[in-house]
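J.: how would this look folded up:
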Amino acid sequence: MLSMAFKITILPLAEKEIDESIEFYESKNKGLRKQFLACLKSYFKVLKKNPQLFEIKSNQVIAN
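T.: Numbers count the residues shown, from 1 in each chain. Take a look at the predicted model:
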C-alpha cells in the first residue's frame, strides 16, 4: 500500500509563534533551539504522513 504525503502549510502567525518559541528555548539553555527544531520536524513528518491522527479544532462557538 502506498502512503501519500500531504503538504503542510504554516501560516504567518504560526511561523511567528515558532520563531518566538525558538528564541525562548534558546534563551533558557544554549542548544535547546536544535532540540526544539528536531522535535518540530519530527512532528511535521508524522503529520504529513498521517493527518487523520490529529483532530481538526475550531474556535467557532455554536449558539443555541
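J.: Please make it C-alpha for all contacts and neighbour counts, starting now.
T.: OK.
J.: okay, now residue 53: neighbour count?
T.: Close neighbours of residue 53, defined as other CA atoms under 10 Å, add up to 9.
J.: Which helix or strand contains the residue nearest to it when sequence neighbours are not counted?
T.: Here the nearest residue to residue 53 in space, its sequence neighbours aside, is residue 47; by CA to CA, 6 or more residues apart in numbering that works out to 7.6 Å. If you go by DSSP states H and E, residue 47 is part of helix 32-49.
J.: Same question for residue 16.
T.: Assigned by DSSP H and E, residue 16 falls in helix 12-28.
J.: give me the low-pLDDT residue ranges for this structure?
T.: 1-4, 57-64 (pLDDT under 70).
J.: how about a cut-off of 90?
T.: Across the chain, the ranges flagged by pLDDT under 90 are 1-9, 47-64.
J.: Helix, strand or coil: sort out residue 52 for me.
T.: Secondary structure of residue 52, reduced to three states by DSSP: H, G, I helix; E, B strand; the rest coil: helix.
J.: burial of it, as a residue count?
T.: Residue 52: 9 neighbours (other CA under 10 Å).
J.: Return the distance of it relative to residue 30.
T.: 35 Å (CA to CA, to the nearest Å).
J.: Residue 9 too?
T.: Distance from residue 9 to residue 30, by CA to CA: 29 Å.
J.: ok, residue 45 - how many residues close by?
T.: There are 15 residues near residue 45, going by other CA under 10 Å.
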